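> pasting the structure only:
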């Protein structure tokens with residue numbers, strides 16, 4: 001776990017250095033270019049009957065303690 005966290009820190013430092021270099025070179029783009037939040041999550045389509053059935057099953061398991 002610590003090794004993985006170390007890799008994440010190195011990757012973050014590398015990205016920071018790249019952003020800094022791009023800024024000094026005048027090539028830093030807008031933040032929206034890097035975030036790319038244009039993908040929207042779509043919930044799966046479930047019928048009301050199926051939803052109610054699964055809800056009842058979940059409530060029964062909760063009441064039974066399993």
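Alright, I've got the coordinates. The shown structure was predicted, so the numbers you read here are calculated from the model rather than taken from an experiment.

> in the helix or strand containing residue 55, which residues are buried?
Taking DSSP states H and E as the criterion, residue 55 maps to helix 48-64. For helix 48-64, the buried set under the neighbour-count rule, 16 or more other CB atoms under 10 Å, is empty. For every residue, glycine as well, the C-beta is placed using N, CA and C.

> centre of the chain to it, how far?
On the basis of CA atoms, centre = their mean, to the nearest Å, helix 48-64 sits 28 Å off its chain's mean C-alpha point.

> check stretch 59-66 too.
Centre-to-centre, stretch 59-66 and its host chain are 31 Å apart (CA atoms, centre = their mean).

> against which helices or strands is the helix or strand residue 34 falls within packed?
Using DSSP H and E, residue 34 sits in helix 31-35. If you count contacts as 3 or more CB pairs under 8 Å, 6 or more residues apart in numbering; DSSP states H and E, helix 31-35 packs onto no helix or strand.

> what average pLDDT does that helix get?
On average, the pLDDT along helix 31-35 is 83.

> now stretch 59-66
84.

> any idea how far residue 15 is from residue 3?
Distance, residue 15 to residue 3, by CB to CB, to the nearest Å: 19 Å.

> when the two are compared, which one has more neighbours?
The neighbour comparison of residue 15 against residue 3 (other CB atoms under 10 Å) goes to residue 15, with 11 against 7.

> element containing the more buried one?
Using DSSP H and E, residue 15 falls within helix 2-24.

> roughly how far is that helix from the heart of the chain?
The answer for helix 2-24 is 19 Å, by CA atoms, centre = their mean.

> list the contacts of that helix.
Residues outside helix 2-24 that contact it (CB atoms under 8 Å, 6 or more residues apart in numbering): 28-29.

> pull out the buried positions in the least confident helix or strand in the chain by mean pLDDT.
When the helices and strands of the chain are scored by mean pLDDT, DSSP states H and E, helix 31-35 comes last with a mean of 83. By neighbour count on 16+ other CB under 10 Å, the buried set for helix 31-35 is empty.
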